[in-house]
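Participant: Requesting a structural model of the entry that follows:
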Amino acid sequence: MAVVKLYGVPSCQQIRKTKALFEEKNIPYDFINVKKHPASEEFLREVVKQVGLEKAVNTKGTTYRKLGLKQMDLNDEQLFQWLLKEQSMIKRPLIEKDGRFWIGFDPEGILNFINR
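Facilitator: Reported below is the predicted structural model:
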């Protein structure tokens, strides 16, 4: 099985639940802390291409709300640039396997994604 990569921040509840799911199901994974190792623009563009910008941005998160981005009339590129700058706005968990991406905590969906 290819290595699964889990991107996020250690303090995130969704990340902790995803790690617990992986451990329960004996799924090997690498965890990438995006605060210590921010994603490149090329990487984030590929994520957005596959899952969509709306799904990639955590609009319910603290960072998005504190920045007041909802009140700004941002086009997709402007919102993407904020996502690149403020990577804690990436919806979690962000999971990569074989160059494919999954976003959001849905245990059944995650397991189906990994086993494809």
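Participant: Can you point out the buried residues in the least confident helix or strand in the chain by mean pLDDT?
Facilitator: In the chain, the helix or strand scored least confidently by mean pLDDT, DSSP states H and E is helix 62-67, which has a mean of 92. Of all the residues in helix 62-67, those buried under the rule 16 or more other Cβ atoms under 10 Å are Thr63, Tyr64. Where you see a C-beta, it was placed from the backbone N, CA and C, and this is true even at glycine.
Participant: Same question for stretch 78-87.
Facilitator: Neighbour-count burial for stretch 78-87 [16+ other Cβ under 10 Å]: Leu79, Phe80, Trp82, Leu83, Leu84, Glu86, Gln87.
Participant: again, but for stretch 40-47
Facilitator: By neighbour count on 16+ other Cβ under 10 Å, the buried set for stretch 40-47 is Leu44, Glu46, Val47.
Participant: how close does the nearest residue to Lys25 once chain neighbours are set aside sit to Thr63?
Facilitator: Sequence neighbours aside, Leu111 is the residue nearest to Lys25 in space, at 6.8 Å (criterion: Cβ to Cβ, 6 or more residues apart in numbering). Distance of Leu111 to Thr63, given as Cβ to Cβ, to the nearest Å: 29 Å.
Participant: Over to Pro10?
Facilitator: Per Cβ to Cβ, Pro10 is found 16 Å from Thr63.
Participant: Same question for Lys85.
Facilitator: For Lys85, the distance to Thr63 (Cβ to Cβ) stands at 10 Å.
Participant: For the helix or strand harbouring the residue nearest to Lys25, report the contacting residues that lie outside it.
Facilitator: Per DSSP states H and E: Leu111 is located in helix 107-114. Residues external to helix 107-114 that are found in contact with it (Cβ atoms under 8 Å, 6 or more residues apart in numbering): Val4, Thr18, Leu21, Lys25, Ile27, Pro93, Ile95, Lys97, Arg100, Trp102.
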